[in-house]
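In: fold the following for me, if possible:
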Amino acid sequence: MNIILTPREKEIFHLLVKNFSTKEIAKELNISEKTVRNHISNVIQKLGVESRIQAVFELVRLKELQL
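Out: Here you go, the predicted model:
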């Protein structure tokens, strides 16, 4: 399975892994919380998983993300 994350999606998931909240990610990247949630939803959909945590595990498994 070849999942291509956008640079922004990668940034968001790197911050999620560092335990940033949606609000903290939005502040860090200077975007709205809704935009953060949209990016996370897009990745969840691309991966065919049901939650953020499943998305993180799948991205690590696919070597798209390091813990």
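In: so where's this structure uncertain?
Out: Within the chain, the segments meeting pLDDT under 70 span 1-2.
In: which residue is nearest the centroid of it?
Out: The residue lying closest to the centre of the chain (Cα atoms, centre = their mean) is Phe13, at 3.2 Å.
In: that residue and Phe57 touch, don't they?
Out: No. Here Phe13 lies out of contact with Phe57, judged by Cβ atoms under 8 Å, at a distance of 11.3 Å. (Glycine included, C-beta is placed from N, CA and C.)
In: neighbours around Glu58, how many?
Out: If you count neighbours by other Cβ atoms under 10 Å, Glu58 ends up with 19.
In: cool, and Ile12?
Out: For Ile12, using other Cβ under 10 Å, the count is 27.
In: OK, contacts around it?
Out: Ile25, Leu29, Val36, His39, Ile40, Val43 (Cβ atoms under 8 Å, 6 or more residues apart in numbering).
In: 6 Å instead?
Out: By Cβ atoms under 6 Å, 6 or more residues apart in numbering, Ile12 lies in contact with Ile25, His39.
In: after the helix or strand containing it, which helix or strand is next?
Out: Using DSSP states H and E, Ile12 falls within helix 7-17. Per DSSP H and E, the first helix or strand lying C-terminal to helix 7-17 is helix 22-29.
In: any chance you could list what contacts that following helix?
Out: With contact meaning Cβ under 6 Å, 6+ apart, helix 22-29 is reached by Ile12, Leu15, Ser32, Glu33, Val36.
In: do the same with stretch 35-45
Out: Glu9, Ile12, Thr22, Ile25, Ala26, Arg52, Ala55.
In: mind doing that once more with 8 Å?
Out: So stretch 35-45 is contacted by 5-6, 8-9, 12-13, 16, 22, 25-26, 29, 50-52, 54-55, 59 (Cβ under 8 Å, 6+ apart).
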